[in-house]
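> 3D, please:
(one chain, ligands or ions: 1)
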Amino acid sequence: MLYKRSSELFVEANKVIPGGVNSPVRAFKGVGGTPIFAKEAKGAYLYDEDGNRLIDYINSWGPMILGHAYEPVVNAIIEKAKKGTSFGMPTELETQIAQLAVSMVPNIDKIRFVNSGTEACMSAIRLARGYTKRDKIIKFSGCYHGHSDSFLIAAGSGLSTFGVPNSPGVTEGTAKDTLLAAYNDIDNVRALFEANKNEIAAIIIEPVAGNMGCIPPVKGFLEALRVVCSENGALLIFDEVMTGFRLAKGGAQELYGVQADIVCFGKVIGGGLPVGAFAAREEIMNYLAPLGPVYQAGTLSGNPLAMAAGLEMLKALNADGDIFKRLDEKTAYLENGIRNVLIEEGVVFTINRVGSMISVHFDANPVYDFATAKNGDNDTFKKFFHGLLNRGIYIAPSAYETWFITDALTYEDLDFTIAKIKEVAKEL
Ligand code: PMP
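Purely as a prediction, here's the structure:
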């Protein structure tokens with residue numbers, strides 16, 4: 001495949017946009033080479049500026065769960081746009097999508113819409129701090145909750161107590177309130193509570209991690225977090241930006257039967273437009289301005305185009321009683337296919353999967369936290385990535401990302417993908 005025009009566009013982009021991209025992972029830094037410039041997309045396929053067709057396993061990093069340019073969403077956006085694109089006033093549409101979201105997700109009474117997953121998580125943390133009147137939070141190494149300051153904290157060694165910033169610009173003052181724990185390590189979490197009595201406002205977690213590849217919670221881990229939070233008067237925040245409206249109607253809360261105190265959304269909830277949201281029981285959400293003291297706002301929050309797209313998406317997912325089962329089956333089929341061909345070709349790997357989130361780690365050992373995720377062989381991943389790209393299959397350009405399966409994929413697409421993975425595996 002040729003990427004001539006993409007290469008040219010990347011050169012031009014680099015002159016006026018840092019790194020040529022508006023979000024770093026897009027730049028292919030982890031895998032090398034030139035990013036592909038998208039021209040259009042429909043269903044399971046992306047079409048790039050060179051006229052190549054790619055089967056898409058990223059799906060805009062999650063939102064396009066029903067495929068690209070899903071007609072009901074596109075039509076809703078067009079119809080809304082004709083009637084004005086932003087009012088800065090309340091609209092009935094906001095109540096409609098809020099009602100539907102609240103009806104689909106367990107344990108939430110009220111929801112507030114923002115413009116990204118970053119905003120959702122940033123606001124959720126402020127709300128948790130305001131509500132509990134405590135400053136510290138626990139996050140897990142390798143989990144990503146957007147780029148607000150509190151979350152850009154690297155892992156220290158072992159049972160580290162205080163975080164250190166891993167981006168210049170994040171102050172030590174901010175970092176010291178973010179405590180780090182190892183994913184799936186409940187003893188680590190308990191030790192942090194022990195060492196910081198009555199100081200921890202909340203635990204924030206990706207209930208299925210997707211930002212160090214896909215890493216499922218081990219059995220009982222989320223349940224144990226629930227207990228630890230309740231015992232210590234801290235809130236449990238599920239960052240369901242990836243898992244929300246993807247693993248089940250009610251997201252990971254429903255799938256694992258564990259109740260969170262605050263839930264963050266992004267990606268699917270916006271149907272492909274810039275939307276995030278956070279939600280909780282009434283007593284917590286009433287702490288927000290204008291009812292309560294915790295401030296949070298947005299000029300374009302609840303934007304009519306975004307809400308129209310999100311509402312159509314949620315309606316479609318709510319109406320289709322089979323969707324999450326179908327996605328799980330398709331992804332299981334893909335998983336089995338990949339497993340078989342990699343074994344046949346003697347490749348060392350581990351596959352992690354929950355529903356329609358899946359990733360291949362090039363390491364023989366179980367991958368259950370950030371440390372084990374880092375053991376993966378990145379050179380093999382790079383070859384795997386480029387081998388697939390050259391055969392028309394687009395997976396995330398980093399070993400630390402999950403794949404997002406879309407319902408627009410057919411079993412033919414999956415068979416084609418598995419056959420190409422076999423070809424690539426021969427070269428690894
Ligand atoms: N939380 C999680 C779990 C995410 O995966 C992401 C983005 N990939 C975010 C938060 C941030 O969302 P956004 O990029 O929309 O700001």
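> in this structure, which helix or strand is least confident?
One helix or strand of the chain scores below all others by mean pLDDT, DSSP states H and E: strand 164-165, with a mean of 60.
> Check which residues of the helix or strand just after that one are buried.
Per DSSP states H and E, the first helix or strand lying C-terminal to strand 164-165 is helix 172-175. With burial defined by 16 or more other CB atoms under 10 Å, the residues of helix 172-175 counted as buried are 174, 175. Every C-beta, even on glycine, is put in place using the N, C-alpha and C of the backbone.
> Off-centre distance for helix 172-175?
Computed by CA atoms, centre = their mean, to the nearest Å, the chain-centroid distance of helix 172-175 equals 25 Å.
> for it, packing partners?
strand 164-165 (3 or more CB pairs under 8 Å, 6 or more residues apart in numbering; DSSP states H and E).
> Point out the residues in the stretch 151-300 of the chain that sit beside the ligand.
Counting by CB under 6 Å from any ligand atom, the residues of the stretch 151-300 of the chain close to the ligand are 206, 210, 211, 239, 241, 242, 266, 276.
> hang on, isn't the fourth one packed against residue 206?
Translated: residue 239. Yes: the pair residue 239 and residue 206 qualifies as a contact (CB atoms under 8 Å) at a distance of 5.1 Å.
> Now for these two: what residues contact both?
Common neighbours of residue 239 and residue 206 (criterion: CB atoms under 8 Å, 6 or more residues apart in numbering): 143, 145.
> Which pLDDT does the model give the residue positioned nearest the centre of the chain?
The residue lying closest to the centre of the chain (CA atoms, centre = their mean) is residue 242, at 3.1 Å. Per-residue confidence (pLDDT) for residue 242: 98.
> Pull the number of nearby residues for the residue nearest to it when sequence neighbours are not counted.
Distance criterion CB to CB, 6 or more residues apart in numbering; nearest residue to residue 242, sequence neighbours excluded, is residue 210 at 4.3 Å. Residues lying near residue 210 (other CB atoms under 10 Å) number 28.
> Could you report the distance from residue 210 to residue 355?
11 Å (CB to CB, to the nearest Å).
> Identify the contacts common to the two.
Residues touching both residue 210 and residue 355 (CB under 8 Å, 6+ apart): there are none.
> For residue 24, see how far away residue 274 is.
Residue 274 sits at a distance of 17 Å from residue 24 (criterion: CB to CB).
> Show the contacting residues for the residue of the stretch 1-150 of the chain found nearest the ligand.
Using CB to the nearest ligand atom, the closest approach of the stretch 1-150 of the chain to the ligand is made by residue 117 at 2.2 Å. Applying CB under 8 Å, 6+ apart, we find residue 117 in contact with 145, 146, 239, 241, 264, 265, 266, 267, 276.
> Report the beta-bridge partners for the last one.
If I follow you right, that is residue 276. residue 114 (DSSP bridges).
> Which residue ranges of the stretch 201-350 of the chain form helices?
For the stretch 201-350 of the chain, the helices defined by DSSP state H, counting those that start in this stretch occupy 221-232, 251-256, 282-285, 304-319, 323-344.
> could you redo those helices as TSV and give each row mean neighbour count and mean pLDDT?
Formatted as TSV, the helices of the stretch 201-350 of the chain follow (neighbours: other CB atoms under 10 Å; pLDDT from 0 to 100):
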stretch	mean neighbour count	mean pLDDT
helix 221-232	18	98
helix 251-256	23	98
helix 282-285	17	98
helix 304-319	22	98
helix 323-344	17	98
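> Output those helices in JSON lines; the columns should cover distance to residue 166.
Below are those laid out as JSON lines (distance: least, CB to CB, whole Å):
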{"stretch": "helix 221-232", "distance to residue 166": "24"}
{"stretch": "helix 251-256", "distance to residue 166": "26"}
{"stretch": "helix 282-285", "distance to residue 166": "30"}
{"stretch": "helix 304-319", "distance to residue 166": "31"}
{"stretch": "helix 323-344", "distance to residue 166": "32"}
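> Compare these and give me the one nearest residue 370.
For residue 370, the closest of the helices of the stretch 201-350 of the chain is helix 221-232, at 14.6 Å, according to CB to CB.
> For the residue nearest to the residue of the stretch 1-150 of the chain closest to the ligand when sequence neighbours are not counted, list the residues it contacts.
Nearest in space to residue 117, with sequence neighbours left out and distances taken as CB to CB, 6+ apart, is residue 266 at 2.9 Å. Residues in contact with residue 266 (CB under 8 Å, 6+ apart) are 62, 116, 117, 120, 241, 242, 244, 275, 276, 277.
> how much space between the third one and residue 240?
So the one you mean is residue 117. Separation of residue 117 from residue 240 (CB to CB): 9 Å.
> Report the set of residues contacting both of the two.
Common neighbours of residue 117 and residue 240 (CB under 8 Å, 6+ apart) are 264, 265.
> The stretch 1-150 of the chain: strands as residue ranges?
Ranges of strands within the stretch 1-150 of the chain are 38-42, 45-48, 53-56, 110-114, 136-140, based on DSSP state E, counting those that start in this stretch.
> CA atoms only: put the third one into PDB for me.
Spelled out, that is strand 53-56. The C-alpha trace of strand 53-56 is given here as PDB (Å, rounded to 0.1, in the frame of the first residue of the first chain):
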ATOM      1  CA  ARG A  53      -9.300   1.100   2.300                       C
ATOM      2  CA  LEU A  54      -8.600   0.000   5.900                       C
ATOM      3  CA  ILE A  55     -10.600  -2.200   8.200                       C
ATOM      4  CA  ASP A  56     -10.900  -0.200  11.300                       C
END
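> isn't residue 180 right next to residue 140, touching?
Yes: between residue 180 and residue 140 there is a contact at 7.3 Å, judged by CB under 8 Å.
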